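1. pasting the sequence and the predicted model now:
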Amino acid sequence: MKSTLGMFGAAVVAGFLWVGAAVAQDLGPGFHKIKDGIYTFAPDQGTTTCSFVVTEEGVVMIDACNSPLHSRNMLAAIKKVTDKPILFLIDTETHSDHTGNHFVFSPPARIINAEGAGAGMKKEYNPKRAETLAAQSPEMREALKGEKMIPPHIEYKDRMTLNVGERTFELIYLKNVHSFADTAVWMPKERVLFASSAANVKTFINMRPSVVIPDVLASYKLMKSLNPEIVIAGHGQPTTTKIFDEYEGYYTLLMKRVGEMAAKGMTLDQVKQELKMPEYADWQGQDRLPVNIEQAWKVVKK
Ligand SMILES: [Zn+2]
């Protein structure tokens, strides 16, 4: 306990002295203060985003951060802002870049995601993940101490309301949008939406075979209908609903082009070779265009 007393002392001082964006700067690079008590750690455009919300009762996290080093950063940031415990951690998807570091926060955090999330995590679990990461640096090796897979303690079906202190979190299951179980987290009073990886910020998404583009488009419609002020995607910096418009435009154009080429009698392989999306040349992950084309092909060939 002794070693943490200094930290809490500093946090109390900081709590009295600082209000507003300065606190987020204090938390280090990549941290954004979204609203009072709502913070996001978005290191850059591509890396997994993770967030925390302070309530009167304790902390609620959204996603467990990309690497264990990021998670340790996050834990330190939370301790700077509050001495309250992390009560819940809500996953927006099952992939390890969002869920692999549960062990840093749980216990005490109870993990929540939609039905099928635990089974999905077990299916995708890479037993070599820790070993591969540990080889990166001595710091990473240290950050991995206690590493183990922790599937969600709570799985909900379709919708769930989580009331913690003065805050309400509405969990909305999004079907077929990215992983085995995807959850959007909506804070209606604050009008902040954690949108999962149904859309990222200017990045071609690595679409798994289970993703269905019309379901993805339906999820954008649903999330836009909530009328959020701030949208936090699974990867990238905080944004607004313009992210959904961008992706809707992209998938619509992609399906149109794939449909036109298919109508000319081209094969999938020919389409993958010839189709270009120059309007999206500034997006990251250009090498993922072929898997996006495969998913669009499934839709137009139905
Ligand atoms: Zn993912």
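-> Okay, I see it.
2. same for the strand ranked longest in the chain, what does it pack against?
-> Determined from DSSP state E, the single longest strand within the chain is strand 167-174. The criterion is 3 or more C-beta pairs under 8 Å, 6 or more residues apart in numbering; DSSP states H and E, and the helices and strands that strand 167-174 contacts are strand 110-114, strand 159-164, strand 182-187, helix 213-225. Where you see a C-beta, it was placed from the backbone N, CA and C, and this is true even at glycine.
3. is it possible to get JSON lines of these that adds mean pLDDT, mean neighbour count and distance to residue 44?
-> Formatted as JSON lines, those follow (pLDDT from 0 to 100; neighbours: other C-beta atoms under 10 Å; distance: least, C-beta to C-beta, whole Å):
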{"stretch": "strand 110-114", "mean pLDDT": "98", "mean neighbour count": "24", "distance to residue 44": "25"}
{"stretch": "strand 159-164", "mean pLDDT": "98", "mean neighbour count": "14", "distance to residue 44": "29"}
{"stretch": "strand 182-187", "mean pLDDT": "98", "mean neighbour count": "25", "distance to residue 44": "22"}
{"stretch": "helix 213-225", "mean pLDDT": "96", "mean neighbour count": "17", "distance to residue 44": "23"}
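4. related to what we said a few turns ago, which residues are contacting the longest strand of the chain?
-> 53, 55, 60, 90, 112, 114-115, 156-163, 181-190, 196, 198, 215, 219, 222 (C-beta atoms under 8 Å, 6 or more residues apart in numbering).
5. can you rerun that using 7 Å?
-> Strand 167-174 is contacted from outside by 53, 55, 60, 90, 112, 114, 156, 158-162, 182-189, 196, 198, 219, using C-beta atoms under 7 Å, 6 or more residues apart in numbering.
6. with just CA atoms, put the helix or strand where residue 103 lies into CSV.
-> Using DSSP states H and E, residue 103 falls within helix 102-105. C-alpha atoms of helix 102-105 as CSV (Å, rounded to 0.1, in the frame of the first residue of the first chain):
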residue,chain,number,x,y,z
HIS,A,102,-8.6,-8.3,-19.1
PHE,A,103,-6.2,-9.7,-16.5
VAL,A,104,-4.8,-6.2,-15.9
PHE,A,105,-8.2,-4.9,-14.6
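7. mean confidence for it?
-> Across helix 102-105, the average pLDDT comes to 97.
8. please list all residues in contact with the residue in the stretch 101-250 of the chain positioned nearest to the ion.
-> Per C-beta to the ion, residue 197 is where the stretch 101-250 of the chain lies closest to the ion, at 4.8 Å. Shown in contact with residue 197 (C-beta under 7 Å, 6+ apart): 92-93, 178, 205, 233-235.
9. ok, now with 10 Å
-> The neighbours of residue 197, taking C-beta atoms under 10 Å, 6 or more residues apart in numbering as the test, are 48-49, 63, 92-93, 95, 97-98, 174, 177-179, 182, 203, 205-206, 233-236.
10. before we move on, what about residue 44?
-> If a contact means C-beta under 10 Å, 6+ apart, then residue 44 has 29-30, 201, 235-237, 284 as its contacts.
11. what do you get for residue 130?
-> 68, 100, 103, 140-141, 144, 147-149.
12. which SS class is it?
-> helix (DSSP: H, G, I helix; E, B strand; the rest coil).
13. can you add distance to the ion and give the helices and strands packed on strand 167-174 back as CSV?
-> Below are these laid out as CSV (distance: least, C-beta to the ion, whole Å):
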stretch, distance to the ion
strand 110-114, 12
strand 159-164, 21
strand 182-187, 9
helix 213-225, 13
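14. distance to residue 247 added to those, as TSV?
-> Converted to TSV, those look like this (distance: least, C-beta to C-beta, whole Å):
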stretch	distance to residue 247
strand 110-114	21
strand 159-164	23
strand 182-187	14
helix 213-225	6
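15. hey, where'd the helices end up in the stretch 201-302 of the chain?
-> Taking DSSP state H, counting those that start in this stretch as the criterion, the stretch 201-302 of the chain contains helices spanning 213-225, 242-263, 268-274, 289-300.
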